[in-house]
Every structure is written in C-alpha cells, then in structure tokens.
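Visitor: Below are the sequence and a predicted model; questions follow.
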Amino acid sequence: YKSNLRLYSNVINGDRARLASFNYIVQPVWWADNDNTDPSLVMDLAKIMTALDQTIQYYSDMSWGSMQISYDILPQQILSGSISSTSNPGLVNTASAARALVSSQ
C-alpha cells in the first residue's frame, strides 16, 4: 500500500527529536472462514472513523496542535494466507497475513 508513503515524520529541535506526524492505515477484514456476503459482518466505517477522529483530537489537544495525525481506511478484504479461521488465530500469523494484505493494495 503506497510503499513510498511515510507513515510518520520527526522534527528535530536542537538535540531533541519529536514525532510530528503519524498516518494510520486501517484494514478492515473478514476472516477466511467468514461469509463476506453476510451484511452483519461488514465493518461499520462510521464507527472506525469516529474512533480515529477522537484519537486525532486527543493527540492534537495533548500536543497543543503540533502533532498531525491522519488515516487511510482500505476496503474490507478477506484475511487469508496462514490464517484459516477465527478459532484461535496466532498473533504472528495474523500480523503477517495483515501486512501481506496491506502491501498487496
């Protein structure tokens, strides 16, 4: 996903660096054993956007407006690869499958 996109930037002030910006990439998924035609399994983007907008406001307030946060929400996709089902997914396999999915877009 936009491999030339920097997800963050730093600002150096004297000998101190601070995080100046961060871009979230949100990848809604269905597990491989989910029915992606079931409307109840479609993620509610409005809820995701509300949570991210609140996070952006929180960090903006906390940093007196010096921290810039943005996000991109990708289309919901089936998470596959080494992940076969929702039962007992492993963190490493799930993270690997998610990275591969985002990188392929």
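Guide: Perfect, I can see it now. Numbering: from 1, shown residues only.
Visitor: can we go C-alpha only for contacts and neighbour counts from here?
Guide: Will do.
Visitor: List the buried residues in the longest helix anywhere in the chain.
Guide: The residue-count maximum for a helix in the chain (DSSP state H) belongs to helix 45-62. For helix 45-62, burial by neighbour count (16 or more other Cα atoms under 10 Å) applies to 52, 56-57.
Visitor: Distance to residue 65 added to those, as JSON lines?
Guide: Formatted as JSON lines, the buried residues of helix 45-62 follow (distance: Cα to Cα, whole Å):
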{"residue": "52", "distance to residue 65": "16"}
{"residue": "56", "distance to residue 65": "10"}
{"residue": "57", "distance to residue 65": "9"}
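Visitor: so which of the residues you listed comes closest to residue 74?
Guide: Using Cα to Cα, residue 52 is the member of the buried residues of helix 45-62 that lies nearest residue 74, at 13.9 Å.
Visitor: ok, now how distant is the closest one from residue 45?
Guide: If you measure residue 52 against residue 45 using Cα to Cα, to the nearest Å, the figure is 10 Å.
Visitor: Could you pull out the residues contacting both of those two?
Guide: Taking Cα atoms under 8 Å, 6 or more residues apart in numbering as the contact criterion, no residue touches both residue 52 and residue 45.
Visitor: circling back to that earlier point, now distance to residue 78 and pLDDT too, for the buried residues of helix 45-62, in TSV please.
Guide: TSV is the format used below for these (distance: Cα to Cα, whole Å; pLDDT from 0 to 100):
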residue	distance to residue 78	pLDDT
52	22	94
56	28	92
57	31	94
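Visitor: Return the member of those residues nearest to residue 67.
Guide: residue 56 (8.7 Å).
Visitor: and the closest residue to the closest one other than its chain neighbours, helix, strand or coil?
Guide: Leaving aside its chain neighbours, residue 56 sits nearest to residue 69 (5.7 Å; criterion: Cα to Cα, 6 or more residues apart in numbering). The three-state label given to residue 69 by DSSP: H, G, I helix; E, B strand; the rest coil is strand.
Visitor: who's in contact with the residue nearest the centre of the chain?
Guide: What sits nearest the mean C-alpha location of the chain, by Cα atoms, centre = their mean, is residue 26, with 2.8 Å. Counting by Cα under 8 Å, 6+ apart, residue 26 touches 71-74.
Visitor: All set now, cheers.
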